[in-house]
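Colleague: Fold the following and give me the result.
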Amino acid sequence: MHPPSVDVLARELAKSFTLPHAVLVHCAREAVRDAPQDAQGAAYDNALYFSQSLLTTVVNGTGVLLHTNLGRAPLAMTDSHRPTNLEFNLANGERGSRHTAVSELLGQLLNVEDAIVVNNNAAAVMLVLAALAEGRDVAVSRGESVEIGGGFRIPDVMEQSGARLVDVGTTNRTRLRDYERAIDSRKNDIALLLKVHPSNFSIEGFTEQTSISELATLEVPVVADIGSGLLDNTAPWLQGYLDNVPSWIAQEPAARQAIADGADVITFSGDKLLGGPQCGVIAGRADLVAQCAAHPLMRALRPGGHTLLALQNVLLSYSARTVCTQIPFWSMATTPVQELATRAERIIAATGVGTSVALDSLIGAGSAPGSTIESHGISLAGDQRAKLRHHATPVIARTVANTTHIDLRSVHPDDDSIIIDAVNSLK
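Modeller: Residues are numbered from 1 along each chain as shown. I've put the predicted structure just below:
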């Protein structure tokens, strides 16, 4: 028995998939080659696998507000056919810098002399080390020599930058005198003191760490990798939305406070607590930032115009104090729990399925480790994650003890109709 022709298979696949004909032909050809006895079934599986591998929007019902696997901070995207004045100065009609606008905004928001943007925070750390400490030593507390998601390890990044790691203190206790000894040691050539936000873990019990303000008393530049990108731990943009600043904000390292405490340079992510696009920010002393900007790596690490435009819009929202209405992360974080409970009841009424349940949401992406936000959602009997994932607009949920939870704090209200359709499809 001969397998069906590739063309016949591809045309049959077109009835179920909206993929380009060339892609369907590829799926059919591989099926005929690898599974000639069941080419039709194999071709369908190939097309399904390919379609599910494509980037698409999803509904985040996990309750993790900054879900790394779902792109961290969600952003509303706008399309335009027009170019931007990325490196064109509208004032004089000459070539300009892609950093001018965001640098000015960051300078105002953080009270820093200068700032530049690269494509992520790992790149920001590497560029700072390469530009300011290549061939020299950088002192890091053993308790901050960490690994975060994706195998990003401080020692490895330092090695790639050309700087040399000098461990100081111990895992649980590092004092100012540990840094002083490293600086005074004849075998060291300390160029920087690097303080690293531990991100996705915390050490409790018999602990001690050296603050930025203490490190700033030493005669070596201090670089603070604050990681999560909180601009200000007093959160002035929450005024009128929350009565008090949540503890998870007050305890999180923040850019403005790090600079005020004496950090010469700070680095942080754009797609975490800032609520912006994926990027890394380097801000601080103008002379040190200028060295980073002039380094050959800068061209390889610079972000594109779409990233800078999205970041600019986010920073303008901070300046206008419209963060809680215009930046999805902060809108999610500040939604009253009673509003979430009301939405849960409406979804249950519309579907006749599920139970309203109190939940705890997580910040996610290594930000505010151990902290939760009171939330609400719906629970469904059994593990329904696969069926929800395969809905026309995938719904990503979480399962505990064979019960599926859809946490509404991480779901935009406009997407409640998608939740209703997805739950109805389970019947």
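Colleague: burial count for the residue nearest to Leu215 when sequence neighbours are not counted?
Modeller: Take Leu215 and drop its neighbours on the chain: the residue closest to it by C-beta to C-beta, 6 or more residues apart in numbering is Val222, 4.7 Å away. Using the backbone N, CA and C atoms, a C-beta is placed for each residue, glycine as well. For Val222, the count of nearby residues is 24 (other C-beta atoms under 10 Å).
Colleague: and Val222, what does it touch?
Modeller: If a contact means C-beta atoms under 8 Å, 6 or more residues apart in numbering, then Val222 has Leu192, Leu193, Lys195, Ile212, Leu215, Ala216, Gly262, Ala263, Asp264, Val265 as its contacts.
Colleague: try Ala35
Modeller: Counting by C-beta under 8 Å, 6+ apart, Ala35 makes contact with Gly41, Ala42.
Colleague: okay, stretch 135-148 in PDB with CA atoms only?
Modeller: Coordinates of each C-alpha in stretch 135-148 appear next as PDB, following Å, rounded to 0.1, in the frame of the first residue of the first chain:
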ATOM      1  CA  GLY A 135      41.600  42.400  33.400                       C
ATOM      2  CA  ARG A 136      41.100  43.500  37.000                       C
ATOM      3  CA  ASP A 137      39.300  42.100  40.100                       C
ATOM      4  CA  VAL A 138      35.700  42.500  41.300                       C
ATOM      5  CA  ALA A 139      34.800  41.800  44.900                       C
ATOM      6  CA  VAL A 140      31.500  40.000  45.400                       C
ATOM      7  CA  SER A 141      30.000  38.500  48.600                       C
ATOM      8  CA  ARG A 142      29.900  34.700  48.600                       C
ATOM      9  CA  GLY A 143      26.200  35.000  49.500                       C
ATOM     10  CA  GLU A 144      25.600  37.000  46.300                       C
ATOM     11  CA  SER A 145      27.500  34.900  43.900                       C
ATOM     12  CA  VAL A 146      24.300  33.500  42.600                       C
ATOM     13  CA  GLU A 147      22.700  31.600  39.700                       C
ATOM     14  CA  ILE A 148      19.300  32.700  38.400                       C
END
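Colleague: roughly how far out does the helix or strand hosting Val128 sit from the chain middle?
Modeller: For Val128, the host element (DSSP states H and E) is helix 121-133. How far helix 121-133 lies from its chain's middle: 19 Å, per C-alpha atoms, centre = their mean, to the nearest Å.
Colleague: what's in contact with it?
Modeller: By C-beta under 8 Å, 6+ apart, helix 121-133 touches 118, 138, 152, 154, 157-158, 160-163, 191-192, 194, 221, 223, 225, 227, 229, 265, 267-270, 280-282, 288, 291-292, 294-295, 297-298, 301.
Colleague: let's go with 7 Å and repeat that
Modeller: Outside helix 121-133, the residues that touch it by C-beta atoms under 7 Å, 6 or more residues apart in numbering are 118, 138, 152, 157-158, 160-163, 191-192, 223, 225, 227, 265, 267-269, 280-282, 288, 291-292, 295, 297-298, 301.
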